[in-house]
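Quick one: sequence and predicted model below, then my questions.
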Amino acid sequence: MDFLSKFPDKFFDLIIDDPPYGIGEDGEKNGTRSKIAISKSYVCYSGNDKDAPPKEYFQELIRVSKRQIIWGANHFISRIPFDSSCWIVWDKDNGMNDFADCELAWTSFPTAVRKFKYRWHGMLQENMKNKEIRIHPNQKPIALYGWLLNNYANPGYKIGSPHMGSQSDRIAAYKLGFDFWGCDKDKHYFEAGNIRFRQECFGETKTSKGTLVQASLF
């Protein structure tokens with residue numbers, strides 16, 4: 001709310017938000033709930049996913065943006081003041097497991113329901129030749145945000161993200177040339193995400209001797 005209060009009405013062309021769902025997926029639970037395979041344990045994050053944001057948060061989110069995509073809204077739909085014809089379905093193609101087969105996002109777009117299929121199941125990922133390092137319990141793939149931006153944003157859009165988490169959204173926005181504004185109140189994950197962003201986008205790698213930058217091959 002502090003972050004959003006800094007912006008005037010309709011400042012962002014599009015906000016893509018992945019707030020807490022209120023289902024307890026805070027990192028510690030992730031490593032203990034799976035019965036089929038051992039899941040990775042993560043550092044618990046601020047708030048521990050005890051509850052989704054209140055109605056006032058979503059009112060403020062809509063105030064500062066022209067369009068919205070909100071992940072996990074099926075868990076707190078009563079807090080969003082508008083119906084939607086366009087829900088986005090992310091099919092994780094994860095087979096038999098203890099986690100959800102899909103994730104849903106509410107949108108403000110007056111179009112049809114759309115589905116993005118991209119495998120995301122622990123060590124198994126859609127793009128096994130270029131696997132993403134998982135740093136956050138609720139991390140979403142960069143490709144998912146790339147698909148959202150390519151389909152729901154126009155060149156020149158200001159993109160907002162009040163819950164950056166692993167910063168997959170920031171990486172996708174940077175690589176596609178969007179003006180991106182974001183925050184995360186968890187210091188551990190903000191710093192880890194920032195390191196990930198700089199490595200993905202600038203080729204930086206932190207070592208005990210300092211920061212190395214991969215030389216461009218082109």
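Cool, got the structure.

At which residues are the strands of this protein located?
Along the chain, counting by DSSP state E, strands occupy 14-17, 68-71, 87-91, 102-107, 114-117, 120-121, 124-125, 158-161, 179-182, 204-207, 210-213.

got a markdown table for the ones you listed, with mean neighbour count too?
Placement of C-beta: from N, CA and C, glycine included. Supplementary listing: those in a markdown table, determined by neighbours: other Cβ atoms under 10 Å:
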| stretch | mean neighbour count |
| --- | --- |
| strand 14-17 | 25 |
| strand 68-71 | 24 |
| strand 87-91 | 18 |
| strand 102-107 | 20 |
| strand 114-117 | 14 |
| strand 120-121 | 18 |
| strand 124-125 | 16 |
| strand 158-161 | 23 |
| strand 179-182 | 18 |
| strand 204-207 | 11 |
| strand 210-213 | 10 |
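
so where is this protein shaky, pLDDT-wise?
With pLDDT under 70 as the threshold, the chain has low-confidence stretches at 26-40, 96-97, 206-218.

Run a quick neighbour tally on the closest residue to Phe7 other than its chain neighbours.
Leaving out its chain neighbours, the residue that sits closest to Phe7 by Cβ to Cβ, 6 or more residues apart in numbering is Val64, at 4.5 Å. Using other Cβ atoms under 10 Å, Val64 has 20 other residues around it.

Would you check how far apart Val64 and Pro162 are?
Distance, Val64 to Pro162, by Cβ to Cβ, to the nearest Å: 9 Å.
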